[in-house]
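model the structure of this input:
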Amino acid sequence: MGALKLYEDVLNQDGVTTRQKQEALYGSTAVHATFGDVELAQITLREGIKTGLDFEQAVNDPEMVEMVTSTQILIQLKRFNQQAQAAVAAPIIRRVLLVLLVGVGLGTALFFAGLETLFPKY
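Now for the predicted structure:
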């Protein structure tokens, strides 16, 4: 539990880089997974994904903390990782589509307004 306290202290410090936050959140996920607490592991994993953590790469990265847990928990976390990444990407896709639709609609309206101005009907 000392490691968990250390990771939490890193997250509470000022001036922490994004990479350090990702490593601390991944470390917290590993600690929770080691003790079998899947819900807390998922919470810290979700926060890590929001900061840009690539869970699949972190699991295989020799510089990161080794995740010592059961295969079942690791499978659950990998599945959760896929769902969380899709959930993080969904609002971005919606925003892009909204901007495209508004842009096309506004562009069309301005085009026809310009035609009416340049070539008025008699």
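
average model confidence for the helix or strand encompassing Leu110?
Assigned by DSSP states H and E, Leu110 belongs to helix 71-118. Averaging pLDDT along helix 71-118 gives 88.

cool, and stretch 40-51?
92.

and the helix holding Leu110, how far from the chain's centre?
Taking CA atoms, centre = their mean, to the nearest Å, the mean C-alpha location of helix 71-118 is offset from the chain mean by 15 Å.

for it, packing partners?
helix 18-34, helix 38-50, helix 55-60 (3 or more CB pairs under 8 Å, 6 or more residues apart in numbering; DSSP states H and E). Where C-beta positions appear, they are placed from N, C-alpha and C, glycine not excepted.

format these as CSV; extra columns: distance to Gly2 and mean neighbour count.
CSV is the format used below for those (distance: least, CB to CB, whole Å; neighbours: other CB atoms under 10 Å):
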stretch, distance to Gly2, mean neighbour count
helix 18-34, 10, 21
helix 38-50, 17, 19
helix 55-60, 21, 15
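
mind putting those helices in CSV, distance to Phe119 included?
Output for the helices and strands packed on helix 71-118, formatted as CSV (distance: least, CB to CB, whole Å):
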stretch, distance to Phe119
helix 18-34, 54
helix 38-50, 52
helix 55-60, 58
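
closest one to Lys5 among those helices?
Among those, the nearest to Lys5 by CB to CB is helix 18-34 (9.8 Å).

which neighbouring elements make contact with that closest one?
Applying 3+ CB pairs under 8 Å, 6+ apart, one finds that helix 18-34 contacts helix 2-12, helix 38-50, helix 55-60, helix 71-118.
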